[in-house]
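>>> prediction below, plus the sequence it came from.
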Amino acid sequence: MNVREKVLDLLFPPKCPFCRKILDDPRAPVCPDCRPRLPWLEGKAGERSIDFTDGCFSPLAYRDAVAGDRKLVMDLQGRPTARFMFFNGLSYGRKNGEITYLENPYIQENLAFSFQVQVAANEYYPGIARKIYLKAYRYNMHFKPKTLLIEAGAQTNTVDEMRNAVTYLADVLDTVLTK
Ligand SMILES: [Zn+2]
């Protein structure tokens, strides 16, 4: 850590994203008080089996949000369809560089796969795939190569818009993986 980073840490100490308390361990993603209270998905609830891999895992049941007046929706073949976004954890922070305790041998493969699916999605259904979001942490994307973390729509979408989106997403995944 260089002097500039130390000064920045002093002026703007890293905070727990949930309770906003200053973190004792600046590299910890959440504070020790919040950690046990978060809605972790345990056992089967955290597993999702799909046919080309034997499981991927989401550690936290959480609700992300966009601004209340923002709707991630488009008309696709006459059906209102939620737009989706791929999300990648890089185990790498702009400030502190590589996050060694979040080892992930599949970062390159995951990035390549999300890019491949994004390109295919927008080729077949222009506009359905939003940007690829890159974040510092790992999000359990280290268990399997070609892990996709997908944010489908947001809290402003309806269930029908979401259902429509996943049928197109399934079609794109089928195209990328089998053709
Ligand atoms: Zn906290």
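Great, that's in hand. Predicted model, so just to flag it, every value in this text is computed and none were measured. Numbering: from 1, shown residues only.
>>> count of neighbours near the nearest residue to residue 23 once chain neighbours are set aside?
Closest residue to residue 23 apart from its sequence neighbours, by CB to CB, 6 or more residues apart in numbering: residue 14 at 5.0 Å. (C-beta placed from N, C-alpha, C; glycine too.) The tally of other residues near residue 14 (other CB atoms under 10 Å) stands at 16.
>>> now do residue 114
Other residues close to residue 114 by other CB under 10 Å number 24.
>>> kindly report the same for residue 117.
Neighbours around residue 117, by other CB under 10 Å: 23.
>>> SS state for it?
helix (DSSP: H, G, I helix; E, B strand; the rest coil).
>>> ditto for residue 81
Three-state call for residue 81 (three-state DSSP): strand.
>>> hmm, back to that, was I right about the residue nearest to residue 23 contacting residue 30?
No: if you go by CB atoms under 8 Å, residue 14 and residue 30 don't touch, sitting 10.8 Å apart.
>>> quick one: contacts for the residue nearest to residue 23?
22-23, 26 (CB atoms under 8 Å, 6 or more residues apart in numbering).
>>> how many other residues sit next to the closest residue to residue 22 other than its chain neighbours?
The shortest distance from residue 22 to any non-neighbouring residue, by CB to CB, 6+ apart, is to residue 13 (4.5 Å). Per other CB under 10 Å, the neighbour tally for residue 13 reads 12.
>>> equivalent analysis for the one 10 residues further on, please.
If you count neighbours by other CB under 10 Å, residue 23 ends up with 16.
>>> from residue 30, how far out is it?
Distance, residue 23 to residue 30, by CB to CB, to the nearest Å: 8 Å.
>>> hey, what's in contact with both of the two?
residue 16.
>>> tell me how far residue 11 lies from residue 4.
The gap separating residue 11 from residue 4 is 11 Å, by CB to CB.
>>> revised request: answer the last question for residue 177.
The spacing between residue 177 and residue 4, counted by CB to CB, is 45 Å.
>>> looking at those two, which is more packed in?
Using other CB under 10 Å, the more surrounded residue of residue 177 and residue 4 is residue 177, with 13 against 9.
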